[in-house]
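K.L.:
Below are the sequence and a predicted model for it; my questions follow.
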Amino acid sequence: MSDGSDLFEQQRANRRGTRWLVLGFVLFFGWLGFGGDFVFHEMTRQAPAGDYHHVFPWCTIGMVIVSIAAVAYAWTTGPRKVLWSTGARRLEEPSTPEEKQLANVVEEMAIASGLPVPEVYLVGDPDPNAFATGWSEEASAIVVTEGLLRICSRDELQAVIGHEMGHIKNLDVRMMTLLAALVGAVALIHDGASRILSNGSDTSLLSTSRSSSSSSRSSDEKGGGVGVIVVIVAALWILSFLFAPLITRLMALAVSRKREFLADAMSAQFTRNPGALAHALEKIDDADAPTVSIRGAVAHLCIADPLGRPVNGRRGFFADIFGTHPPIEERVERLREMAYEGGPAAQPAPAG
Amino acid sequence: MAPILVLVVVLGAAGIWFVSAYNRLVGLKNQVANGWKQIDVQLKRRHDLIPNLVETVKGAMTFERGTLEAVIAARNQAIGVVRGGGGAAVPSAGEVRQLVAAENQLSGALGKLFAVVEAYPQLKATGNAAALQEELASTENKIAFARQLYNDQATSYNTAQQQFPTNMVAGMAGAAPAELWEITDAAEREVPKVNLAAT
């Protein structure tokens, strides 16, 4: 029946992961700032006594403040931003039988999982997909595309919603929403900073470092050595700055695969019907077209990869690192085993 | 000196374990009580929907008086079952069995009614009936899931009480095994016979 240890472990891992993510984020930006401080320090060290000596780590503190502000902003607006970026509309009063059925199914899965009923949102995309976002069991939302409503039977819809409730119960949504929000924030910072760097390139860093290394060459031998260190640190700093968005994305990918398997298992536990989720996944996979409403940072929150990337269709070590979702056939296999339905191609999906 | 220190550490660790085991049992017990209340919420919802259902089908199903009356009678009986005094109490075995009997009887009567409704196409044609059917199907699902959750929680609670070493704390925590929502009457396990030979 219920493997409580998996659930508690995952919740603890998510809480820990969220704390480490915030800490890592702030420290990383602090490191970038420190790089700037070090460069300025080296540049101004040779300056005559009356001029400015860069001693106080302004850059480090500045970057730490910026990153803390980014985290605070992501924390308070994360779910709203995620919902807004997909163009989702809230389902307050169901107007069609399909919407009423969706509202009922969400309530049913809330009961089965022992959680409060989350907010329900709809995205007008013909491609079937679903995701969950939010901070906690009490403050979460489930988003469903209209394509999903059209394609799935009641049982299959129930299974997909069960999967999303699993993510909410695990607190996966907290970790993944924070990641999505931070990736967005980093991209913004990176864009802004790139603009500053490119605009200032005539007057700023590069020319002053050139002048400082020439001045250090004109003094003793020791000064030459320092000049090399300055250039190396500056290069490292610039490299890490360029890679910051990439690193954040890699972190986003690394957390996703195992969670999907666990959420699948929790859906089976809630509905007691693993076959329904298997059929739903196959239908979603067959639909094949990318979900255009759901963009990059939110992709790892979805039940199936909305961008239809090939890496998510493969197994193996490399795919495990870079894939956001396990391959659908592996998920279907595991679900079929739960349902005692045997091997992968055991049964064709039933109509309707 | 050293043996006393070891004793203190051991006693301290045992004390901490005792407190956490006690608290865990209390937490599980409250979950079970809450799960039971959730079932009650869904059952009441069903009770409230039934008059509406009966009104909707009464006009079209003039020859099915018996079936309708069975539903109404079962509903009234189910409402009449005395619920516990509320609070954070796990329901007693007697209370559970009584409620299970009454509600299962209502489920049976409703099942027969649904099967009979299938024979009246004019009922299904009206949009009202389709919406009502979805409501009823959803209500039955919710009751089923609430029972499922309660059974899962009661099982966890019972298991924790029986496992060593938590079972040593169970008595002090006032933990008693919770009754699961089960089918106790063998007759209810029979598949209901649906007579499709009707007009």
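P.N.:
That came through fine. Numbers count the residues shown, from 1 in each chain, chains lettered A, B, ... in the order given.
K.L.:
show me where chain A has strands.
P.N.:
Secondary structure of chain A (DSSP state E): strands at A:89-90, A:119-123, A:130-134, A:140-145.
K.L.:
Make TSV out of the ones you listed and add distance to residue A:273 and mean pLDDT.
P.N.:
For every residue, glycine as well, the C-beta is placed using N, CA and C. Formatted as TSV, the strands of chain A follow (distance: least, CB to CB, whole Å; pLDDT from 0 to 100):
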stretch	distance to residue A:273	mean pLDDT
strand A:89-90	28	90
strand A:119-123	21	93
strand A:130-134	17	90
strand A:140-145	19	92
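K.L.:
quick one, which of those is packed in tightest?
P.N.:
strand A:130-134 (a mean of 28; mean count of other CB atoms under 10 Å in any protein chain shown).
K.L.:
Please work out which residues outside that one touch it.
P.N.:
Strand A:130-134 has contacts (CB atoms under 8 Å, 6 or more residues apart in numbering or on different chains) with A:78-79, A:82-83, A:118, A:140-145, A:148, A:160-161, A:163-165, A:167-168, A:172-174, A:176-177, A:180, A:294, A:298, A:301-303.
K.L.:
and with 6 Å instead?
P.N.:
A:79, A:82, A:140-144, A:148, A:160, A:164, A:167-168, A:173, A:177, A:301-303 (CB atoms under 6 Å, 6 or more residues apart in numbering or on different chains).
K.L.:
State the number of residues packed around residue B:182.
P.N.:
Using other CB atoms under 10 Å in any protein chain shown, residue B:182 has 12 other residues around it.
K.L.:
Doesn't it belong to a strand?
P.N.:
No: Residue B:182 is assigned coil when assessed by DSSP: H, G, I helix; E, B strand; the rest coil, not a strand.
K.L.:
Filter the contacts of strand A:130-134 down to the buried ones, ChimeraX style.
P.N.:
One line in ChimeraX is enough to select the buried members of the contacts of strand A:130-134, burial here meaning 16 or more other CB atoms under 10 Å in any protein chain shown:
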select /A:79,82,140,141,142,143,144,148,160,164,167,168,173,177,301,302,303
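K.L.:
In helices, which of the contacts of strand A:130-134 appear?
P.N.:
Among these, DSSP state H puts A:79, A:82, A:148, A:160, A:164, A:167-168, A:173, A:177 in helices.
K.L.:
would you list the residues you listed in CSV and tack on distance to chain B and pLDDT?
P.N.:
Putting those into CSV (distance: CB to the nearest CB, whole Å; pLDDT from 0 to 100) gives the following:
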residue, distance to chain B, pLDDT
A:79, 26, 83
A:82, 28, 81
A:148, 18, 92
A:160, 15, 95
A:164, 16, 94
A:167, 18, 90
A:168, 15, 92
A:173, 21, 86
A:177, 26, 84
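K.L.:
Could you confirm whether the longest helix along chain A reaches chain B?
P.N.:
Counting residues, the longest helix found in chain A (DSSP H) is helix A:4-45. No: using CB under 6 Å from any CB of the partner chain, helix A:4-45 never reaches chain B; the gap is at least 7.0 Å.
K.L.:
helices or strands up against that helix?
P.N.:
helix A:58-85, helix A:172-199, helix A:221-254 (3 or more CB pairs under 6 Å, 6 or more residues apart in numbering or on different chains; DSSP states H and E).
K.L.:
OK, contacts around residue A:137?
P.N.:
Residue A:137 touches residue A:115, counting by CB under 6 Å, 6+ apart.
K.L.:
May I have the phi/psi pair for it?
P.N.:
Dihedral pair for residue A:137: phi -60, psi -30, per degrees, to the nearest 10.
K.L.:
separation between it and residue B:64?
P.N.:
Using CB to CB, to the nearest Å, residue A:137 is found at 45 Å from residue B:64.
K.L.:
again, but for residue A:87
P.N.:
49 Å.
K.L.:
between the two, who's got more neighbours?
P.N.:
The neighbour comparison of residue A:87 against residue B:64 (other CB under 10 Å) goes to residue B:64, with 20 against 13.
K.L.:
residue ranges with poor pLDDT in the stretch 101-250 of chain A?
P.N.:
Along the stretch 101-250 of chain A, segments meeting pLDDT under 70 span A:187-237, A:239-241, A:243-250.
K.L.:
Alongside chain A, which residues does chain B contribute?
P.N.:
By the rule CB under 6 Å from any CB, the part of chain B lying against chain A is B:138, B:141-142, B:145-146, B:149, B:152.
K.L.:
What is the nearest of the residues you listed to residue B:12?
P.N.:
The shortest approach to residue B:12 among the residues of chain B next to chain A belongs to residue B:152, at 34.7 Å (CB to CB).
K.L.:
Who are the packing partners of the helix or strand residue B:132 falls within?
P.N.:
Using DSSP states H and E, residue B:132 sits within helix B:127-162. When contacts are defined as 3+ CB pairs under 6 Å, 6+ apart, helix B:127-162 sits against helix A:97-113, helix B:2-58.
K.L.:
which of those is buried the deepest?
P.N.:
helix A:97-113 (a mean of 21).
K.L.:
lowest-confidence helix or strand of chain B?
P.N.:
Ranked by mean pLDDT, DSSP states H and E, the weakest helix or strand in chain B is helix B:121-125, scoring a mean of 67.
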